[in-house]
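> following is a predicted model, sequence given first.
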Amino acid sequence: MGHEIVDLAGKQARGYVIPLGPVNLVVVVTDKGMVGCGAIDVAALNSFGYPAARVRPSKGSSISSIEDLLAGIIKEANPAAEKMGVNVGQSGREALYMM
C-alpha cells in the first residue's frame, strides 16, 4: 500500500494506493470526506453520513495513481458530498477542496 500527503488549499489530505491484483484502489481522504476511484461505493458511505465522491479517468482507461484521481472527473457524489458543494463534472482536486 502506498501512502502520500496531498496538499490542498489551506490543508492536507491523505492519499492511498492499494494494489488489488491487476488494479489499484485509489482514494484521497480529507478531514471531512473522501474522493475515490470507481471501486468506491459512495451510496454505502452515505448511509453513515460520510461525504464521498468517485471519479472517472480524465484520460486513459483507469485511475491508478493519486495524480490520476486528482485530475479525474467526478462521476458520482453522494448527498452528503453534494451538500458540501461537490458536483458531477468537477475534477477530483476541486471536489477535495470542498471537503
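That came through, no problem. Residues are numbered from 1 along each chain as shown.
> now for the closest residue to Gln90 other than its chain neighbours: which residues touch it?
Nearest residue to Gln90, sequence neighbours excluded (C-beta to C-beta, 6 or more residues apart in numbering): Ile74, at 4.8 Å. (Each C-beta comes from the backbone N, C-alpha and C, glycine too.) With contacts defined as C-beta atoms under 8 Å, 6 or more residues apart in numbering, Ile74 is in contact with 35, 53-55, 86-92, 94-95.
> try 10 Å this time
Taking C-beta atoms under 10 Å, 6 or more residues apart in numbering as the criterion, Ile74 is in contact with 35, 53-56, 81, 86-92, 94-95.
> run through the bridge partners of it.
Counting by DSSP bridges, Ile74 forms beta bridges with Val55.
> and for Ile18?
Bridge pairing for Ile18 - DSSP bridges - gives Leu25.
> hang on, it packs against Leu25?
Yes: assessed by C-beta atoms under 10 Å, Ile18 is found in contact with Leu25 at 4.3 Å.
> looking at these two, which one has more neighbours?
Leu25 (16 against 13; other C-beta atoms under 10 Å).
> and that one, how far is that from Gly85?
For Leu25, the distance to Gly85 equals 25 Å [C-beta to C-beta, to the nearest Å].
> got phi/psi on the spatially most central residue of the chain?
By C-alpha atoms, centre = their mean, the chain has its centre lying nearest to Val35, at 1.5 Å. Per-residue torsions, Val35: phi -120, psi 130 (degrees, to the nearest 10).
> what of Ser65?
Backbone torsions of Ser65, given as degrees, to the nearest 10, read phi -150, psi 170.
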